[in-house]
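>>> sequence first, then the predicted structure, then my questions.
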Amino acid sequence: MKPVAEKTELRIEPPVPAGALAEPAPDAPPALPARGEPIEIVFPSWRRLAQWALVALAVYAVFWLLSSAISAMTPFIIGLVLAYLLLPLVNRLDRWMPRPLAILTVYVGGFLAVFLAVAYIVPPVANQFQQLISSLPSRDQLSSFGSGLLQQYQDRVPPEIKQPIEQGLNSALQTLQRNFATYVQGASTFLFGQVLQILNTLSFLIGFLIVPFWVFYVLNDQAKGRGFINRILHPRVRADFWNVWGIVNQVLSDYIRGQLLLGLAVGVMVWIGLMILGLLGFDVPYTLLLAIFAGITELVPIIGPILGAIPAVLLGFFASESGWQAGLAVLALYLLVQQLENNFLVPRIIGESIGLHEAVLTVVLIAMGQVFGLLGVVLAAPVAAIGRDLFVYGYRRLDGLSAAAAAQEVHAGGKAEQKQQGKPA
């Protein structure tokens, strides 16, 4: 009788480990437990807690060191701003020439622009500023003008109205006298201490000498810096980190460069317009100063153009030999510049970097100015736009979208808002 052969069991091995088949995709949301199944709470290991503590200690040490030496860090902060502004130009030139040569080309162009500004713009600006200071009324003229106003007040204002006015003025003057000396002493002490601390710091002077070389290394090693950040980031948060960085960088860089270009364009248009008015017989003094002031105030959203127009219109009405006709001509000029800016320059220069309605931006502007002062007014628009985009990105990520899909939705939302406002995408 032949022995029965043992039955051979055939098995098909998967091409990958079995555990890998059950792992979700990197961007997929974690699987939720079934209904009725107990939720298992997993606490991090002591090694992971030690890692977090080490990272927190390193962040605290760097923050403490930088905050303690903030006066010496001022040149490097300025250098970072310059590197941030010059980086797109260097990256564009990098396509046609070696990167060090592209950086040197940008440096040469920057130094040439500064030289031309010092040679051809600073002297007339200083001359006009000196003329403006010398044309201001003297103490005797102000005293005579004040005496005349006081005499008219005494002659024309009824006694029943004078009493509450004088009581309010006396109370305000007493409060001002009590607090004025304290305010002046505190402000002068603070300013003197800060200036002395900065100027007496050897590191501050050395920093300004080495900032050009430091900015060169920052611009030249951009790819290495990105690779270093990728190495220290966990793969699961790497995409989110660069998406958040891209959102902030896109809005902030477009807004800053756009506002600088917009301020330059408005200043040039105002200067050319005032020169044309001068040729037409409307002599408005201090044209270059007014143009520079208009360009600087353009950095302040919404109210900046109004602030830039006030001195020019006042000088046109009261300091021009042409009288009120010059004031009306200057007012018409600034209205024309404002229309050209809103309809042609802003959509093409600022583009899709903001996309906020004027009503919302006005509220944010007032709130930021109340909390952070002048810096808050200048940064209100980009901060509001960044906050909006980050909220949309985080909300869509928590909704289950992948990092790429959430970033694409933020970008698509910005284009949709821009199309609704009639701006080119």
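Noted; the coordinates are in hand.
>>> can you give me the helices in the stretch 51-200 of the chain?
Ranges of helices in the stretch 51-200 of the chain, per DSSP state H, counting those that start in this stretch, are 70-93, 99-120, 122-135, 139-156, 159-199.
>>> closest to residue 324 out of those helices?
Taking CB to CB, helix 122-135 is the member of the helices of the stretch 51-200 of the chain nearest to residue 324, at 19.5 Å. In this view, the C-beta of every residue, glycine as well, is placed from N, C-alpha and C.
>>> for the closest one, packing partners?
helix 287-297 (3 or more CB pairs under 8 Å, 6 or more residues apart in numbering; DSSP states H and E).
>>> what distance separates the helix it packs on from the centre of its chain?
20 Å (CA atoms, centre = their mean, to the nearest Å).
>>> tell me the buried residues in it?
For helix 287-297, a neighbour-count test (16 or more other CB atoms under 10 Å) marks 287, 288, 289, 290, 291, 292, 293, 294, 295, 297 as buried.
>>> using a markdown table, lay out these together with distance to residue 125 and pLDDT.
Shown next, in a markdown table, are those (distance: CB to CB, whole Å; pLDDT from 0 to 100):
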| residue | distance to residue 125 | pLDDT |
| --- | --- | --- |
| 287 | 11 | 86 |
| 288 | 6 | 88 |
| 289 | 6 | 88 |
| 290 | 11 | 89 |
| 291 | 10 | 90 |
| 292 | 7 | 90 |
| 293 | 11 | 90 |
| 294 | 14 | 90 |
| 295 | 12 | 89 |
| 297 | 16 | 87 |
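>>> closest to residue 102 among those?
Nearest to residue 102 among the buried residues of helix 287-297: residue 295, at 28.2 Å, using CB to CB.
>>> give me the nearest residue to the closest one, chain neighbours excluded.
Counting by CB to CB, 6 or more residues apart in numbering, residue 295 lies nearest to residue 267, which is 2.9 Å off, once chain neighbours are set aside.
>>> pLDDT of the strand or helix carrying that neighbour, averaged?
Secondary structure from DSSP states H and E places residue 267 in helix 235-279. Helix 235-279 shows a mean pLDDT of 86.
>>> just the buried residues of helix 287-297 now: which is nearest residue 97?
Distances from residue 97 to those, taken by CB to CB, are shortest for residue 295, at 31.9 Å.
>>> that closest one reaches residue 269, doesn't it?
No: counting by CB atoms under 8 Å, residue 295 does not reach residue 269; the two are 9.4 Å apart.
>>> quick one: contacts for the residue positioned nearest the centre of the chain?
Nearest to the geometric centre of the chain sits residue 379, at 4.6 Å (CA atoms, centre = their mean). Residue 379 sits next to 368, 372 when contact means CB atoms under 8 Å, 6 or more residues apart in numbering.
>>> ok, it to residue 364 distance?
Distance of residue 379 to residue 364, given as CB to CB, to the nearest Å: 10 Å.
>>> for residue 120, same thing?
Taking CB to CB, one finds residue 120 at 39 Å from residue 364.
>>> comparing these two, which residue is more hemmed in?
More crowded of residue 120 and residue 364, by other CB atoms under 10 Å: residue 364, with 20 against 9.
>>> dihedrals phi and psi, that one?
With angles defined as degrees, to the nearest 10, residue 364 shows backbone torsions of phi -60, psi -40.
>>> touching, it and residue 382? I think so.
No: counting by CB under 8 Å, residue 364 stays clear of residue 382, with 10.5 Å between them.
>>> roughly how far does the nearest residue to residue 274 once chain neighbours are set aside sit from residue 266?
Among residues not flanking residue 274 along the chain, residue 287 sits closest, at 4.1 Å (CB to CB, 6+ apart). For residue 287, the distance to residue 266 equals 14 Å [CB to CB].
>>> equivalent analysis for residue 257, please.
Relative to residue 266, residue 257 is positioned 15 Å away (CB to CB).
>>> out of the two, which sits in the more crowded spot?
Using other CB under 10 Å as the criterion, residue 257 and residue 266 rank with residue 266 on top: 25 against 17.
>>> if I read this right, the more buried one contacts residue 293, doesn't it?
No: in this structure, residue 266 is not within contact of residue 293 by CB under 8 Å, at 10.5 Å.
>>> shared neighbours of the two, which are they?
residue 308.
>>> shaky segments in the stretch 1-150 of the chain?
The model of the stretch 1-150 of the chain has pLDDT under 70 over residues 1-42, 71-72, 136-142, 145-146.
>>> residues near residue 46, how many?
Using other CB under 10 Å, residue 46 has 8 neighbouring residues.
>>> same check on the one 5 residues further on?
For residue 51, the tally of surrounding residues (other CB under 10 Å) stands at 12.
>>> residue 50 now?
Here the number of neighbours of residue 50 (other CB under 10 Å) works out to 11.
>>> so it is in which element?
Here residue 50, judged by DSSP H and E, is contained in helix 46-68.
>>> what's the angle between that helix and helix 70-93?
Put simply, helix 46-68 runs at 100 degrees to helix 70-93, going by axes from the mean of the first three to the mean of the last three CA atoms, to 10 degrees.
>>> how far out from the middle of the chain is helix 46-68?
With CA atoms, centre = their mean, you get 29 Å for helix 46-68.
>>> any buried residues in it, and which?
Across helix 46-68, burial judged by 16+ other CB under 10 Å covers no residue at all.
>>> measure the residue nearest to residue 274 to residue 311 for me?
When distances are taken as CB to CB, residue 287 and residue 311 turn out to be 12 Å apart.
>>> what's the neighbour count on residue 252?
When neighbours are counted by other CB under 10 Å, residue 252 registers 17.
>>> with residue 236 instead?
Per other CB under 10 Å, the neighbour tally for residue 236 reads 10.
>>> if I look at it, how far off is residue 403?
Distance of residue 236 to residue 403, computed by CB to CB: 10 Å.
>>> isn't residue 334 right up against residue 315?
No: with contact defined as CB under 8 Å, residue 334 does not reach residue 315; the gap is 12.0 Å.
>>> between those two, which is the more surrounded one?
Taking neighbours as other CB under 10 Å, residue 334 and residue 315 compare with residue 334 leading, 24 against 21.
>>> quick check: which element contains that one?
Taking DSSP H and E as the criterion, the element that holds residue 334 is helix 324-340.
>>> thank you kindly, that will do.
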